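Peer 1: Okay, predicted coordinates and the sequence, questions at the end:
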Amino acid sequence: MKRWLLLVAAVLALALPLRAVAAPEPIKIGFIFSYSGSDDETGKEADAAMAAYMAQHGDTVAGRKVVILRRDDTGLAPEVAKRLATELVIQDHVDVLAGTILTPNAIAVAQVSTQSHVPFLIVNAGSAGIPAKNPYTVRFGFTNAQLTQPLAQWMVRNGIKSAYALYANYGAGVETTTLFANAFAAAGGTMLGEIGMPMNSNDFSAYIQRVKDAHPQALFVFHNGSGGINLMKACGHADLTKAGITVVTVPEVVRPNDLATVGDAVLGNISALDYAPSHDSAMNRAFVQAFQKAHGGERLPSFDAIAAYDVINAVYRVATAQNGVMDPDKTIATLRGMSFESPRGPFKIDPQTREPIENVYIRRVERSGGVLSYREIATFPMVKVPVEQQ
């Protein structure tokens with residue numbers, strides 16, 4: 001009996017300290033994105049992509065649970081994004097900031113990241129120079145220049161040597177069109193004109209008639225949201241194909257889930273981007289399946305969704321490399337030069353610039369089995385952000 005009592009006491013002595021040990025704090029990701037306004041569906045896509053990754057890999061890494069603190073920037077609102085980032089850093093003590101759709105919001109969050117030394121992983125914001133000015137910021141999407149150069153080069157190589165541009169007249173539209181025009185000229189093409197259209201334009205007929213009168217071989221378009229959809233419908237009604245004009249875009253003006261809405265008007269359109277849900281790889285097919293299960297429907301993932309998926313992948317890799325200790329400087333050091341296979345293809349972070357190095361795909365809208373989709377017709381492998389746009 002005495003031996004038994006001594007054994008029980010020994011077991012209890014060992015157990016009590018174990019019970020007193022607290023569970024490790026979770027890894028907190030402050031995810032700032034648009035969950036309301038015109039981009040509310042994009043927020044749902046990002047959530048589904050992150051949920052897909054965690055369904056595949058679990059919600060714990062290096063012994064710590066991963067928690068995503070979602071915040072709604074409400075759309076184009078840099079002051080809101082900056083306030084949310086500040087609250088996430090000061091009040092919630094997040095280990096990583098991530099997200100954003102629009103460049104002004106990304107710049108605002110990057111400034112908080114720089115001041116607080118909390119790493120910021122950009123999902124989408126294509127303007128140049130954001131990581132260069134903010135040492136704790138890493139981009140996981142693409143830059144506008146990274147897409148326009150391959151598109152311009154592909155066009156000239158395929159005999160398209162004259163173009164006209166229609167673009168939404170705001171920061172990103174002006175920058176992207178300028179980048180395309182410069183890249184097209186450098187490749188040997190000629191711009192016959194360009195028009196910056198008010199963001200709230202609803203009638204595009206006069207603009208398109210000016211394009212037809214100039215007789216270009218291609219029309220470069222930059223627009224987004226419902227304005228982009230309506231512009232592409234107008235291009236279809238004007239029957240630009242019969243006039244020998246190919247519509248080209250950077251990035252896609254009509255997202256994969258909106259192709260059916262536009263219909264045959266978008267057939268034959270050419271775009272350059274780093275991802276299409278039709279990308280032919282086993283990893284991408286598994287991702288699309290997991291995404292749709294998480295989203296609860298047949299919706300296809302966008303380029304925002306795949307960047308959100310890869311951001312979570314990077315956080316897991318950083319946590320593993322540090323055995324769960326999320327030191328900010330070691331996190332950035334680990335991200336520099338990080339490479340992995342993504343559903344979009346091979347992906348790497350440039351160790352010098354913290355910009356993405358990735359495949360850029362030239363895609364054409366085609367109908368297969370009665371369904372419109374983007375089909376990859378050419379690949380520019382592992383494209384870096386041009387030096388002048390870093």
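Peer 2: Looks like it arrived, so ask away.

Peer 1: give me the element residue 353 is part of.
Peer 2: Residue 353 belongs to no helix or strand when assigned by DSSP states H and E.

Peer 1: and if you look at the one 5 residues further on?
Peer 2: Under DSSP H and E, the secondary-structure element containing residue 358 is strand 356-368.

Peer 1: And for residue 259?
Peer 2: Secondary-structure assignment from DSSP H and E places residue 259 in helix 259-262.

Peer 1: which stretches of this protein form helices?
Peer 2: In the chain, helices defined by DSSP state H lie at 2-20, 40-57, 78-90, 103-116, 130-133, 144-157, 171-187, 205-214, 225-237, 259-262, 282-295, 303-321, 328-335, listed in chain order.

Peer 1: circling back to that earlier point, would you mark the buried spots in the strand holding residue 358?
Peer 2: Within strand 356-368, the residues that qualify as buried by neighbour count (16 or more other Cβ atoms under 10 Å) are 356-365. Yep, even glycine has a C-beta here, placed from its N, CA and C like the rest.

Peer 1: Ok, stretch 334-341 next?
Peer 2: Neighbour-count burial for stretch 334-341, with 16+ other Cβ under 10 Å as criterion, is recorded at 334-335, 338.

Peer 1: And the contacts of that stretch?
Peer 2: The contact list for stretch 334-341, computed with Cβ atoms under 8 Å, 6 or more residues apart in numbering, reads 119, 138, 283, 310, 313-314, 317-318, 321-322, 346-352, 354.

Peer 1: Run the chain-centre distance for it.
Peer 2: 17 Å (Cα atoms, centre = their mean, to the nearest Å).

Peer 1: CA atoms only: put that stretch into PDB for me.
Peer 2: Listed next in PDB are the C-alpha coordinates belonging to stretch 334-341 (Å, rounded to 0.1, in the frame of the first residue of the first chain):
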ATOM      1  CA  THR A 334      13.000  34.000 -44.100                       C
ATOM      2  CA  LEU A 335      10.700  35.500 -46.700                       C
ATOM      3  CA  ARG A 336      13.600  36.900 -48.800                       C
ATOM      4  CA  GLY A 337      14.300  34.400 -51.400                       C
ATOM      5  CA  MET A 338      11.500  32.000 -50.300                       C
ATOM      6  CA  SER A 339      10.300  29.800 -53.100                       C
ATOM      7  CA  PHE A 340       7.600  27.200 -53.400                       C
ATOM      8  CA  GLU A 341       5.300  25.600 -55.900                       C
END
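
Peer 1: domain ranges for the chain?
Peer 2: For the chain, the domain assignment from automatic domain parsing gives the residue ranges 27-142+280-354, 145-273+361-389.

Peer 1: how about these in TSV, adding mean pLDDT?
Peer 2: Rendered in TSV, the data for these read as follows (pLDDT from 0 to 100):
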stretch	mean pLDDT
domain 27-142+280-354	96
domain 145-273+361-389	94
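
Peer 1: Might you report the residue contacts of the closest residue to residue 253 other than its chain neighbours?
Peer 2: If you skip the residues right next to it in sequence, residue 253 has residue 228 as its closest partner in space, 4.0 Å away by Cβ to Cβ, 6 or more residues apart in numbering. Under the criterion of Cβ under 8 Å, 6+ apart, the neighbours of residue 228 are 221, 253-254.

Peer 1: which of these lies closest to residue 279?
Peer 2: Using Cβ to Cβ, residue 254 comes nearest to residue 279 of those, at 17.6 Å.

Peer 1: contacting residues for that closest one?
Peer 2: Residues counted as contacts of residue 254 (Cβ under 8 Å, 6+ apart) are 228-229, 232, 261-262, 266, 269.

Peer 1: Brilliant, that's me finished.
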